[in-house]
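Asks: missing the sequence, but the structure's below:
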């Protein structure tokens, strides 16, 4: 499943290391060179997920070493996990790396996100991280982008040999997973073309717990296949809370984690005190208005204040190492690829375990199966949309079109079209489509671009 090679590093970059420009990359980091210059009984082609045949390197310009130096890897996220990922990639002889992150640096990041300094507070994380890595690892070409992953078209993601996700929320992971899966091309028999498969390495941490996962789109389970195992997110990264709040929960967390200590440095927040909770609620409401975020309520405030877990630097380091280890194996074929999930439970010891996450037969992202739903003849369009949002699909703002007739049932935007179609929400669905049932095309922000799922609706 190896992808086409990208342009190789120039010879001057390959010969540079910090403080010694005359030493080759392989000799200055002999362990990696040794691994990639020797064969063995456990190379990629012998594993459960064979990616290619391992070709040991005899020099820096051939075999597995050349594959790494020519590779182009995308790192999504430059926070606690992202900093570790970038460092590990630089020390693993990866030639070309792009890094995307939406956030800017806050002073609270400095205790664990070691690529940043106090003078960098307020600057984009991706740009500062890229500058640091360029100075310390001049053999690696690093390109930074400050913005949302949704800003980039599919052609941008198609250029990479591998994608590492160091994201902090489920919805961004779902979007990225759907985007990379959509890039897989199918032949006339409906089988995926291995040359178009871009592996995803998904890493995540929460306190002393962490996970690393290998996703080969259309071959292994994807992130959407395992969505049922993830409860709705209730834990929020400090950097998101401080710099780029996007949810009412972010505003509440900011109020009691950052504003309360400023105003009451000698008083601990009493979560059972109505007066204390009212103060947090008022501050959260002010911040929500500042960022144009709706949904802050007193009840939500009570629920959020007990669900913050601090980031642990050592967990980030362990999971990042596991992720980059898989990247090296995927690109060089030097060892067997993880199949497919590794869990780390640091609070119970230094041990971990792996298991195979099976594909979901009706996954809306990595399969082409038409999903089926039987509903009452009295079910309204709005009730159907609630089922799509609250059920296993966990959609956010679905828009629906009748596939057979081409009739638009409801669209979230533009506003004028949404207003025109709003009366359909209270109508029974059977009055809007064929009474014998019909296939509906459903689009949603959790899926990129034109990606849609097909829903076959029948009436009981």
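Replies: On my side now, so go ahead. Just so we're clear, the structure is a prediction, and the values are computed from it rather than from any experiment.
Asks: Spell out for me which residue occupies the centre of the protein.
Replies: Nearest to the geometric centre of the chain sits residue 173, at 3.2 Å (Cα atoms, centre = their mean).
Asks: Can you check the pLDDT for that one?
Replies: We have a pLDDT of 93 for residue 173.
Asks: Check the one 4 residues further on too.
Replies: Predicted confidence (pLDDT) for residue 177: 96.
Asks: thinking it is in contact with residue 226, fair?
Replies: No: Residue 177 is beyond contact range of residue 226, at 10.0 Å (criterion: Cβ atoms under 8 Å). (C-beta placed from N, C-alpha, C; glycine too.)
Asks: follow-up on the earlier one: quickly find the element holding the residue nearest to the centre of the chain.
Replies: helix 170-182 (DSSP states H and E).
Asks: what's that helix in contact with?
Replies: 76, 149-150, 154, 157, 163, 165, 167, 198, 200, 202, 215, 217-218, 222-224, 227, 230, 232-233, 365-366, 396, 445-449, 451 (Cβ atoms under 8 Å, 6 or more residues apart in numbering).
Asks: in that helix, what's buried?
Replies: Neighbour counts over helix 170-182 (16 or more other Cβ atoms under 10 Å) mark 170, 172, 173, 174, 175, 176, 177, 178, 179, 180, 181, 182 as buried.
Asks: same deal with stretch 440-460?
Replies: 440-444, 446-448, 451-453, 455, 457, 459.
Asks: what's the average pLDDT for that stretch?
Replies: On average, stretch 440-460 scores 88.
Asks: Counting by contacts, list what the following helix or strand past the helix holding residue 173 packs against.
Replies: Following helix 170-182 in sequence order, the next helix or strand is strand 200-206 (DSSP H and E). Using 3 or more Cβ pairs under 8 Å, 6 or more residues apart in numbering; DSSP states H and E, the elements in contact with strand 200-206 are helix 80-90, strand 162-165, helix 170-182, strand 209-215, helix 313-332.
Asks: repeat that for 7 Å
Replies: strand 162-165, helix 170-182, strand 209-215, helix 313-332 (3 or more Cβ pairs under 7 Å, 6 or more residues apart in numbering; DSSP states H and E).
Asks: of all the ones you listed, which lies closest to residue 253?
Replies: Taking Cβ to Cβ, helix 170-182 is the member of these nearest to residue 253, at 16.7 Å.
Asks: Between strand 209-215 and the closest one, find me the angle.
Replies: Per axes from the mean of the first three to the mean of the last three Cα atoms, to 10 degrees, the angle that helix 170-182 makes with strand 209-215 is 20 degrees.
Asks: just for this structure, where's the confidence low?
Replies: 1-30, 60, 231-239, 306-310 (pLDDT under 70).
Asks: can you give me the strands for it?
Replies: 72-76, 96-101, 141-146, 162-165, 200-206, 209-215, 341-345, 352-355, 371-375, 399-402, 408-410, 438-443, 453-459 (DSSP state E).
Asks: Going by neighbour count, which residues in the fifth one are buried?
Replies: So the one you mean is strand 200-206. Buried, per 16+ other Cβ under 10 Å, within strand 200-206: 200, 201, 202, 203, 204, 205, 206.
Asks: Relative to the whole chain's centre, how far out is that strand?
Replies: 8 Å (Cα atoms, centre = their mean, to the nearest Å).
Asks: contacts for that strand?
Replies: Applying Cβ atoms under 7 Å, 6 or more residues apart in numbering, the set of residues contacting strand 200-206 from outside is 81, 162-166, 173, 177, 180, 210-215, 223, 235, 309, 311, 315-316, 319-320, 323, 326-327.
Asks: if I pick residue 296, what's in contact with it?
Replies: Taking Cβ under 7 Å, 6+ apart, one finds 248, 251, 252, 284, 285, 288 in contact with residue 296.
Asks: my guess is the third one meets residue 299, correct?
Replies: No: shown here, residue 252 and residue 299 do not form a contact pair, counting by Cβ atoms under 7 Å, at 10.9 Å.
Asks: Those two: who's more crowded?
Replies: residue 252 (30 against 8; other Cβ atoms under 10 Å).
Asks: Identify the residues contacting that one.
Replies: Residue 252 touches 280, 284, 296, 300, 301, 304, counting by Cβ under 7 Å, 6+ apart.
Asks: Could you export the residues you listed as a markdown table, including distance to residue 425?
Replies: Formatted as a markdown table, the contacts of residue 252 follow (distance: Cβ to Cβ, whole Å):
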| residue | distance to residue 425 |
| --- | --- |
| 280 | 35 |
| 284 | 30 |
| 296 | 25 |
| 300 | 25 |
| 301 | 30 |
| 304 | 30 |
